[in-house]
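could you work out the structure for the sequence below:
(one chain, ligands or ions: 2)
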Amino acid sequence: MVAARRAACFNASVPSPPLHPSVTDWVDECARLAQPDRIHWCDGSEEEYRALVAGMVQDGTLLELHPQKQPGSYLHRSHPSDVARSENLTFICTERKDDAGPTNNWMSPKEAIDRLSPLFRGAMKGRTMYVVPYLMGPVGSPYSRMGIELTDSAYVAASLRIMTRMGKVALDHLGGSDQFVRGLHSLGDLNPERRFVCHFPEQRLIWSIGSGYGGNALLPKKCFALRIGSWLAREEGWLAEHMLILGLEDPQGRVTYIAAAFPSACGKTNLAMLVPPASQKGWRIWTVGDDIAWMHFGKDGRLYAVNPENGFFAVAPGTSSKTNPNMMATIGRNTIYTNVALRPDRTTWWEGMDGPVPGDAIDWQGKPWTPGAGKAAHPNSRFTVPARQCPAISPQFDEPQGVPISAILFGGRRARVAPLVFEAFDWRHGVFLGATMGSETTAAATGQVGVVRRDPMAMLPFCGYNMADYFAHWLRVGARSDEAPSIYHVNWFQTGSDGSFLWPGFGENLRVLRWILARSRGEAEGRRTPIGVLPTKESLDLSGLDLPDSSIQQLLSVDVEAWTRELADMKTFFDKFGQRLPEELWQEHDRLAHRLRTEAA
Ligand code: OXD
Ligand code: MN
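Residues are numbered from 1 along each chain as shown. Ligands and ions are numbered 1, 2, ... in the order given. Sure thing, here's the model as predicted:
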């Protein structure tokens, strides 16, 4: 029965370039397990996308938005228990527990297969299994990688056409090779009790069941590009990072590229698309990526970055023409929204959007909403949109070699402690800054919001192996080159005693980027402090901001007592890794302690 059905489906739609038998064998094996009624090989065409969308509109998975006001755009409402990444249900399944490390949930590959196989068995009965071949990275790039996701969610298949280079283009890249990351995904019954996101980096394999939420279900993104990607990067000597990539163009037309790591929902997308305020004439930002960077050292010793993605999957609440005008222009059409609110005229709305709060709306769960009745949009509501629609998209977006990175930024959301910006003394100190990054948690993952956690390089939920080895890898790759980028720490989120932000943020962050650029060109003053090099008040353009002196003072100073307290927390974090933590990081910790003591004396 299965064989007959398979033959019918495969004959109808297996794509024509000859595929390695391991591709069809694996699809076959998964189909035998999940038992879909139909198998659809995605070719990535416009017609196919339209048909997927039409089917979802018909069965209620998508709701069409106002065709003139938001053309080609749709609203999806997920299951109310399935609205964010499920870090507690995310596992790294390596043979040895130690290879996953103390910051990851671990399951042995055997246990994972034993536990998940019964959940996958028959899970696609009555459903279509979409075979989605996709390419991560620019077409023709030596750094791009192939994956195939098998999914029973049409929403996932359609979203992947936005988020990746999907279908024929990917199979052409694959050719007859068997080098691809396998991803099996099923919505299952959406019960969190039966939800698992399992990664088998040794097998280049991902199994995800029980969730339709982006980070759990769009496997190329977090599962492949970061968790499996970081594993591959360590094996092969490159970096797979949770970083935006932007080009900063100066008034003379020179473009310098910066990569920046911030935890989820901390403004990576806004920074990647920053529109300079009127005071910053002649400056311009080009967007290369808003979430993930794959970076390789070139023959010239410089670090080159490509964005493996083809679209943006960004947080809606707080996005407005004040915070991110480029994104507002980007999402004017062809956008799939998830869990935002709906106005009576079938347009989308979320907290923090421009214009008046609607008098009534339908909330993210489809219930009538009036102001004051809680959040209309889920705090982690999202949209998925093609990157090329962004008015600031970089002309280098598709550049196969990537863009040369001059500076790497690490940043967190910290109400206190971390000053606006400081520079690492060298690569090794920069790795220490990344490794000890702290940030207040956000709604992007289920769990408590607003508590400080150590989130090294913003990779805590995304590093596919033992983070001690990840730090060692960072130390190693940078040591290989004299041209490695300089490293900075930034924090836009310091608050005063009344809880309001001290720094205006958004477009004004350009002033900080300019200081970083000037430093990398040896053109800006810095003040050496125990934690790194801070701007002098004069070296940072603060003109026209009208910031009170007390705010400037707090933004650009080092609270020695608070940093001394941080040291203890850093130590607790480092202790988790035992002997495996690179000695260099302990040395950096001790040096910081020494500098703080000297400063206090
Ligand atoms: C994301 C995340 O969706 O980091 O990008 O959670
Ligand atoms: Mn992210």
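
what's the nearest residue to whichever residue of the chain sits closest to ligand 1 if we skip its chain neighbours?
Ligand 1 sits closest to S264 of the chain, with a gap of 3.1 Å, by Cβ to the nearest ligand atom. Placement of C-beta: from N, CA and C, glycine included. In space, S264 comes closest to A444 once its chain neighbours are excluded; the distance is 3.4 Å by Cβ to Cβ, 6 or more residues apart in numbering.

and the one you found, how far is that from P582?
According to Cβ to Cβ, to the nearest Å, A444 and P582 sit 29 Å apart.

near ligand 1, which residues of the stretch 51-200 of the chain show up?
R85 (Cβ under 6 Å from any ligand atom).

ok, which stretches of the stretch 51-200 of the chain are strands?
For the stretch 51-200 of the chain, the strands defined by DSSP state E, counting those that start in this stretch occupy 63-64, 74-76, 90-92, 105-106, 128-136, 145-151, 165-166, 181-186, 196-200.

name every strand pairing with the fourth one and say which way it goes.
When you say that, I think you mean strand 105-106. strand 90-92 (parallel) (DSSP bridges).

contact partners of the strand it pairs with?
Applying Cβ atoms under 8 Å, 6 or more residues apart in numbering, the contact partners of strand 90-92 are 99-100, 104-107, 112, 196-199, 201, 216, 227, 461, 464-465.

mind redoing it with 7 Å?
100, 104-107, 112, 196-199, 201, 227, 464-465 (Cβ atoms under 7 Å, 6 or more residues apart in numbering).

next: stretch 108-126.
By Cβ under 7 Å, 6+ apart, stretch 108-126 touches 33-37, 91, 93, 95, 152, 184, 186, 188, 194, 196, 198, 200, 207, 209.

so F312 is in which element?
strand 311-315 (DSSP states H and E).

show me the contacts for P535.
Counting by Cβ under 7 Å, 6+ apart, P535 has contacts V421, W515, G526, L556.

now the third one: phi and psi?
Backbone dihedrals for G526, given as degrees, to the nearest 10, come out at phi -140, psi 160.

quick revisit: return the distance of the strand holding F312 from the chain's centre.
How far strand 311-315 lies from its chain's middle: 9 Å, per Cα atoms, centre = their mean, to the nearest Å.

before we move on, what about stretch 190-202?
So, by Cα atoms, centre = their mean, the centroid of stretch 190-202 is 19 Å from its chain's centroid.

can you list contacts of that stretch?
Contacts of stretch 190-202 (Cβ under 7 Å, 6+ apart): 79, 81-82, 86, 89-95, 107, 109, 112, 116, 119, 188, 206-212, 216, 223, 227-228, 231, 464-465.

could I have the buried ones of those residues as ChimeraX selection syntax?
Applying 16 or more other Cβ atoms under 10 Å to those, the buried members can be selected in ChimeraX as follows:
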select :79,81,82,86,89,90,91,92,93,94,107,109,112,116,119,188,206,207,208,209,210,211,212,216,223,227,228,231,464,465
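
give me the pLDDT value at G374.
Per-residue confidence (pLDDT) for G374: 94.
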